[in-house]
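Peer 1: Sequence below, structure please.
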Amino acid sequence: MSDPKKLYIKTYGCQMNVYDSERMAEAMGGEGYVETQDPAEADMILLNTCHIREKAAEKVYSELGRYKSLKAAKPDLKIGVAGCVAQAEGQEIMRRQPMVDLVVGPQSLHRLPELERRARGGHKALDTEFPEELKFDHLAERPRAARGPTAFLTVQEGCDKFCAFCVVPYTRGTEISRPADKVLAEARDLVERGVREITLLGQNVNAYHGAGPHGDWSLARLVWALDKVDGLDRIRFTTSHPGDMSDDLIEAHGECPKLMPYLHLPVQSGSDRILKRMNRGHDAESYLRLIERIRAARPDILISGDFIVGFPEETETDFADTMALIEAVRYGQCYSFKYSARPGTPAAERALVDATEASDRLTRLQALLTRQQHQIQNAMVGREVGVLFERTGRMPGQMVGKSDHLHAVHVTGGGISTGDLRRVRITESAPNSLGGVPIGG
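Peer 2: Residues are numbered from 1 along each chain as shown. From the prediction side, this is the model:
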């Protein structure tokens, strides 16, 4: 019996790309591939790319350059590019890097086995279409292997918002939601294989409207159905848009016992003028009132967000409005970036803010966000929290997991194993994690 072919996947970007990479590995498993962590021993290398940040494509070309010697030593090695850079620049990738054998966009990843077979036959393979059929309906069933305690589960893809800075509608397409029964079936399968926490994924996940019994289901209805899945202990979802934070979803945060007290709700700016230029569809005041409603439903919820600093035409007054919004919200966690133009988006044609000034603003904004994060973490000391343990730590006998609020928590001792969900009393706060002691047995 011949040795199995080996597949190396490098994943860039968001959690949805992590999920897509898992599904591509499973699809190629049906073609006789097993995963390897060493590209030097691979029979196929696949880069699953992200197009959100600046110079994303150049990073892909740089990575591909590292594999030239592998290709020269092993001519049968197949190299593929998947994901959002593939979708945006598929033909250009083939032109600039002839050693690439196949390119596949995120909506066509179910066709990867067919593309690999074409590449094995000596033909270049490119598929960056937006097929009418849902890719999820054509992916192979997950293998029955055991899983870790947490998993991502994509329920929605694409976005109809067309924010002026964002490439998602062009690389992932318009909003598509998976049928509720398909999501529930995949969730049950994951739980049967050891998963205790599921994070529902979507570019605009709270716009979920999947077909279900008696009409389309909202995300809240899906959450309540998942709440009834035996063995599933925790539910999360990301990423949300303020315009789709519905009443029933806010209510679920207050009443659904398995829905964790954590919400990632990007606002991007606190300036109404910039929000309008971003085409966000809301203003700062409506966002703040929404946060108030969410906290009224779940007072202990931790709010996370995203900010873009130095958006075209942003003034110091606009930036001051952003800082005021951050002060008002009190974020427990945030992602912040200096604006980078994405080709093909409306904002890419506008005048840029001075780079030095944008960097200075980002430094000031991140300092405020860091202070808030530390204040919230410090306030956790003395409290009891639930922690789902995911892995061993760096110290002997140490275990690391995530709290209800998604804080990293480490404990030592207590006879804890991977997959255990335990109550922990927080005893210390470090810059990016919490320490504690387990309560009871």
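Peer 1: Only C-alpha atoms from now on, for both contacts and neighbour counts.
Peer 2: Fine.
Peer 1: For the stretch 51-200 of the chain, which residues score under the pLDDT cut-off?
Peer 2: Along the stretch 51-200 of the chain, the model assigns pLDDT under 70 to residues 52-56, 130-144.
Peer 1: which residues in it form helices?
Peer 2: 56-65, 68-73, 84-96, 112-120, 168-171, 180-192 (DSSP state H, counting those that start in this stretch).
Peer 1: how about the ones you listed in TSV, adding distance to G281?
Peer 2: Below are these laid out as TSV (distance: least, Cα to Cα, whole Å):
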stretch	distance to G281
helix 56-65	27
helix 68-73	46
helix 84-96	25
helix 112-120	37
helix 168-171	16
helix 180-192	28
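Peer 1: Any idea which of these gets closest to K228?
Peer 2: helix 180-192 (10.2 Å; Cα to Cα).
Peer 1: in that closest one, what's buried?
Peer 2: The neighbour-count check on helix 180-192 (16 or more other Cα atoms under 10 Å) flags 180, 183-184, 187-192 as buried.
Peer 1: In contact with E186, which residues?
Peer 2: L153 (Cα atoms under 8 Å, 6 or more residues apart in numbering).
Peer 1: how much space between it and V229?
Peer 2: From E186 across to V229, the span is 11 Å (Cα to Cα, to the nearest Å).
Peer 1: next one: E285
Peer 2: E285 is 38 Å from V229, where distance means Cα to Cα.
Peer 1: correct me, but A220 touches L249?
Peer 2: Yes: assessed by Cα atoms under 8 Å, A220 is found in contact with L249 at 4.7 Å.
Peer 1: Kindly check the end-to-end length of stretch 268-285 for me.
Peer 2: With Cα to Cα as the measure, stretch 268-285 spans 14 Å from end to end.
Peer 1: Identify the residues contacting the residue lying closest to K78 once chain neighbours are set aside.
Peer 2: Counting by Cα to Cα, 6 or more residues apart in numbering, the nearest residue to K78 once its immediate chain neighbours are dropped is M44, at 4.6 Å. With contacts defined as Cα under 8 Å, 6+ apart, M44 is in contact with 6-8, 77-80.
Peer 1: can you list contacts of the longest helix belonging to the chain?
Peer 2: The longest helix of the chain (DSSP state H) is helix 355-379. Residues outside helix 355-379 that contact it (Cα under 8 Å, 6+ apart): 309-310, 319, 323, 326, 330-334, 336-338, 428-429, 431, 433-434.
Peer 1: pLDDT averaged over stretch 29-43 - what is it?
Peer 2: Stretch 29-43 shows a mean pLDDT of 93.
Peer 1: Could you pull out the buried residues of it?
Peer 2: Those buried within stretch 29-43 under the rule 16+ other Cα under 10 Å are 29, 33-36, 39-43.
Peer 1: So which of the residues you listed are in strands?
Peer 2: Counting by DSSP state E, those place 33-35 in strands.
Peer 1: In JSON lines: those residues, plus distance to Q97.
Peer 2: Shown next, in JSON lines, are those (distance: Cα to Cα, whole Å):
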{"residue": "Y33", "distance to Q97": "24"}
{"residue": "V34", "distance to Q97": "26"}
{"residue": "E35", "distance to Q97": "24"}
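Peer 1: Give me the pLDDT for the nearest residue to S433 once chain neighbours are set aside.
Peer 2: Using Cα to Cα, 6+ apart and skipping residues adjacent in sequence, the residue nearest S433 is A408, 4.9 Å away. Per-residue confidence (pLDDT) for A408: 97.
Peer 1: Got the phi and psi for A408?
Peer 2: With angles defined as degrees, to the nearest 10, A408 sits at phi -70, psi 130.
Peer 1: Distance of it relative to G393?
Peer 2: Separation of A408 from G393 (Cα to Cα): 11 Å.
Peer 1: so what sits against both of these two?
Peer 2: Taking Cα under 8 Å, 6+ apart as the contact rule, A408 and G393 both touch V400.
Peer 1: Of these two, which one has the most company?
Peer 2: Comparing A408 with G393 by other Cα atoms under 10 Å, the one with more neighbours is A408, at 18 against 14.
Peer 1: Any idea what the more buried one is bridged to?
Peer 2: Beta-bridge pairing for A408 (DSSP bridges): K402.
Peer 1: so it sits right up against L434, yeah?
Peer 2: Yes: with contact defined as Cα under 8 Å, A408 counts as touching L434 (6.1 Å).
Peer 1: Can you identify each of the helices in the stretch 301-441 of the chain by residue range?
Peer 2: Under the criterion DSSP H, counting those that start in this stretch, helices of the stretch 301-441 of the chain are mapped to 316-329, 355-379.
Peer 1: what's the closest of those helices to T418?
Peer 2: helix 355-379 (23.7 Å).
Peer 1: now the angle from the closest one to helix 316-329?
Peer 2: 10 degrees (axes from the mean of the first three to the mean of the last three Cα atoms, to 10 degrees).
Peer 1: rewinding a little: taking the mean pLDDT, what do you get for the longest helix of the chain?
Peer 2: The average pLDDT within helix 355-379 is 97.
Peer 1: now stretch 245-257
Peer 2: 98.
Peer 1: got the contact list for it?
Peer 2: Contacts for stretch 245-257 (Cα under 8 Å, 6+ apart): 206, 219-220, 223-224, 227, 259-261, 293-294, 297-298.
Peer 1: Which members of those residues are the farthest-apart pair?
Peer 2: Of all pairs drawn from the contacts of stretch 245-257, the greatest distance, 22.4 Å, lies between D227 and R293 (Cα to Cα).
Peer 1: Just send the buried residues of stretch 29-43 back as CSV, with distance to Y61 too.
Peer 2: Compiled in CSV, these are given as follows (distance: Cα to Cα, whole Å):
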residue, distance to Y61
G29, 27
Y33, 25
V34, 25
E35, 23
T36, 22
P39, 16
A40, 18
E41, 21
A42, 19
D43, 20
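Peer 1: and which of those is nearest L64?
Peer 2: Set against L64, the nearest of those by Cα to Cα is P39 (11.4 Å).
Peer 1: was I right about the closest one contacting I45?
Peer 2: Yes: P39 is within contact range of I45, at 6.7 Å (criterion: Cα under 8 Å).
Peer 1: Residues that sit against both of the two, list them.
Peer 2: Contact criterion Cα under 8 Å, 6+ apart; residues bridging P39 and I45 by contacting each: Y8.
Peer 1: Could you count how many residues lie near the closest residue to Y170 other than its chain neighbours?
Peer 2: Spatial nearest neighbour of Y170, chain neighbours left out: A88 (7.5 Å); criterion: Cα to Cα, 6+ apart. A88 sits with 20 neighbouring residues when counted by other Cα under 10 Å.
Peer 1: cool, the one 4 residues further on as well?
Peer 2: The burial metric for E92, expressed as a neighbour count using other Cα under 10 Å, is 11.
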